[in-house]
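Colleague: Structure for the following, please:
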Amino acid sequence: MNGDAEESSKKENDNIDITYPYFLTTTDHLGQNFVGESLLCDGNYSDRKNEMTNALLAKNNFGFIDGSMPMLAEDTTDLMNWKHYNDMVYGWLISSMEREIKSNIKYAIPTRDMWVDLEERFGKENAIRAYELRHIITAIHQEGMTIST
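Modeller: Numbering: from 1, shown residues only. Predicted coordinates for the structure are as follows:
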């Protein structure tokens with residue numbers, strides 16, 4: 001009988017579909033951080049967005065933020081799975097932000113709304129500041145100092 005249970009378990013494991021959008025590994029948890037540095041208020045949005053996009057694409061979960069995995073209807077059998085995984089992706093996004101940003105965005109549900117809100121807040125280039133920085137860089141003079149000074 002023990003052999004039958006082992007065989008049945010083996011067959012179930014052989015049928016795991018890692019492309020299933022609600023698939024989690026044993027290492028997935030809410031506090032997981034996929035980006036090297038937290039999203040800051042001072043202009044690292046573009047880099048963090050690219051890193052998080054790559055991580056979510058690799059985990060087959062980008063649909064929760066691009067809108068291709070919208071919230072399911074209340075009478076849908078997979079609704080609890082959707083909510084569970086949306087919360088997981090939400091946790092991953094929140095864990096990659098500094099405290100000040102978290103406190104301003106933590107009530108955006110579903111995760112897609114948070115992603116859109118972040119894009120609206122941080123996704124626009126500050127053209128005036130970019131011009132100022134370029135101007136400062138081009139105007140730098142060594143004025144007789146050595147390179148190491």
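Colleague: from here on, contacts and neighbour counts on C-alpha atoms
Modeller: Fine.
Colleague: pull the longest helix from the chain.
Modeller: Longest helix in the chain, counting residues (DSSP state H): helix 79-94.
Colleague: And the next helix or strand past that helix?
Modeller: helix 99-105 (DSSP states H and E).
Colleague: contact partners of stretch 45-53?
Modeller: Contacts to stretch 45-53, defined as Cα atoms under 8 Å, 6 or more residues apart in numbering, come from residues 34, 35, 37, 38, 39, 62, 93, 122, 123.
Colleague: pull the CA atoms of that stretch into PDB?
Modeller: Output of stretch 45-53 as PDB, limited to C-alpha atoms (Å, rounded to 0.1, in the frame of the first residue of the first chain):
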ATOM      1  CA  TYR A  45      12.400  54.100 -10.900                       C
ATOM      2  CA  SER A  46      13.500  53.100 -14.400                       C
ATOM      3  CA  ASP A  47      16.100  50.700 -13.200                       C
ATOM      4  CA  ARG A  48      13.800  49.100 -10.500                       C
ATOM      5  CA  LYS A  49      11.000  48.800 -13.000                       C
ATOM      6  CA  ASN A  50      13.200  46.900 -15.500                       C
ATOM      7  CA  GLU A  51      14.500  44.600 -12.800                       C
ATOM      8  CA  MET A  52      11.000  43.900 -11.400                       C
ATOM      9  CA  THR A  53       9.600  43.400 -14.900                       C
END
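Colleague: What mean pLDDT does it get?
Modeller: Averaged across stretch 45-53, pLDDT comes to 86.
Colleague: buried sites along that stretch?
Modeller: Across stretch 45-53, burial judged by 16 or more other Cα atoms under 10 Å covers 45, 48, 49, 51, 52, 53.
Colleague: For the protein, name the helix or strand with the lowest mean pLDDT.
Modeller: When each helix and strand of the chain is scored by mean pLDDT, DSSP states H and E, helix 2-14 comes last, with a mean of 49.
Colleague: so after it, what's the next helix or strand?
Modeller: Assigned by DSSP H and E, the successor of helix 2-14 is helix 45-58.
Colleague: chain center to the helix or strand following that next one: distance?
Modeller: Downstream of helix 45-58, the first helix or strand assigned by DSSP H and E is helix 63-66. In terms of Cα atoms, centre = their mean, to the nearest Å, the centre of helix 63-66 is found 10 Å from the chain centre.
Colleague: Report pLDDT for the nearest residue to residue 17 once chain neighbours are set aside.
Modeller: Spatial nearest neighbour of residue 17, chain neighbours left out: residue 23 (7.5 Å); criterion: Cα to Cα, 6 or more residues apart in numbering. At residue 23, the model reports a pLDDT of 76.
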